[in-house]
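Asks: My questions are about this predicted structure, shown below with the sequence.
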Amino acid sequence: MVKSIRFGDHWIFKWEDIELGPPKEGEVLVKFETHDISFHAVDSNSCIQGIGAVGVVKALGSGVTGIKPGDRVAYYDPYPTGLYVEEQILSADKVALVPRLVLTDTAMSLLLKGMMTQFLLCSCFQVKPEHMVLIHPVAAGVGSIMCQWAKAIGATVIGTVLTKEQAAQAKEYGCHHTILYKEEDLVSRVDKITSGQGVEVVYDFVGQETFQRSLDCLKTRGYMVSVGPSLPDPLPVSVLAAKSLFFTRPSLIHYASTPKELKECIGEVLSNVELSVLRDLEPKTSPPLSAVQHSCGLSSN
């Protein structure tokens, strides 16, 4: 028997015993060491929550290769799959080995943000060393991880911030140019930085408020990657024609939709953590019981 957290009616949390059978063909039994803290898990309100975890392999089903008991592995699934438990049986083709030199909490705290960064910089639009990119904003969350990764690629990173303190922080992440976008003219500053050329790609995490300004910062045939919470409605598609711009509103779910894509994404993130390309900036992980307490706090905000 292992302990699990069940989310019942009226946000009643139950710490219960569940029984797991042995792993079947192609499966692994993992004892979790740390879990993600996820708004997705809080909002979905299903029975047992959690979309990401890091743990130690306890047992293997038949046909599993490349993993052995005692290995640390990371796991991610965009749909709640019962990870707020002490142990769980997982499909072996959806877990990735955690490098020996990477701390467990570091792997977990960077996993989801790192996966978002990987697909945005390497798949949705492939950033190259000669590119200039605008990350809007850059001071926290996924933006701060993207800044580190884009710099490592060799790209020139322009980032927007709200305060001078955030600007200094962004510089530490590797941002080459910072713009106080509430005080400065975003388009004019980008135009000056790029010598009138514009940037190859804008990653806009803000949304409707900055939509047009983000488009204006792009060079001809540039890419607008919108990951903000809202967009103009209706979407003014005709404005893209002025510079033959490309527009996309992507989701990690569609870029890690196969076991191969998922493992490659997680593996590349953890490799960059091991190489110190990515630093642990905002650690937020939890073992199972405190994960419930954190989730309560998140859902009440």
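Replies: Arrived safely. Residues are numbered from 1 along each chain as shown.

Asks: List the residue ranges of the stretch 201-301 of the chain that fall below the pLDDT cut-off.
Replies: Applying pLDDT under 70 to the stretch 201-301 of the chain flags the ranges 281-301.

Asks: hmm, try it at 80
Replies: Residues of the stretch 201-301 of the chain that meet the criterion pLDDT under 80 lie in 233-234, 280-301.

Asks: what about the helices in this structure?
Replies: 39-44, 104-119, 141-153, 164-173, 186-193, 211-216, 252-255, 259-274, 288-299 (DSSP state H).

Asks: So what touches the third one?
Replies: This points to helix 141-153. If you take CB atoms under 8 Å, 6 or more residues apart in numbering as the criterion, helix 141-153 is touched by 110, 113-114, 116-118, 120-121, 127-129, 133, 135-138, 157, 159, 169-170, 173-176, 203, 205, 227, 272, 277-279, 281-282. For every residue, glycine as well, the C-beta is placed using N, CA and C.

Asks: rewinding a little: Trp15 is nearest to which of the helices of the chain?
Replies: The minimum distance between Trp15 and those falls on helix 288-299, with 6.7 Å, by CB to CB.

Asks: so how many other residues sit close to Gly228?
Replies: Gly228 has 18 neighbours, counted by other CB atoms under 10 Å.

Asks: Give me the distance between the closest residue to it other than its chain neighbours and Phe247.
Replies: Once flanking residues are discounted, Gly228 sits nearest to Gly207: 2.8 Å by CB to CB, 6 or more residues apart in numbering. Look at Gly207 and Phe247: by CB to CB, to the nearest Å, they are 13 Å apart.

Asks: Mutual contacts of the two, please.
Replies: Ser226.

Asks: Was I right to think the residue nearest to Gly228 contacts Pro229?
Replies: Yes. The pair Gly207 / Pro229 is scored as a contact, 5.1 Å apart, by CB atoms under 8 Å.

Asks: More neighbours: those two, which one.
Replies: Ranked by neighbour count (other CB under 10 Å), Gly207 and Pro229 place Gly207 first, with 16 against 9.

Asks: which residues touch stretch 122-137?
Replies: Contacts for stretch 122-137 (CB under 8 Å, 6+ apart): 121, 143, 146-147, 150, 153-162, 166, 175, 181, 190, 193-194, 197, 199-206, 210, 214, 217, 223, 225, 248, 250, 255, 268.

Asks: That's all I had, so thanks and see you.
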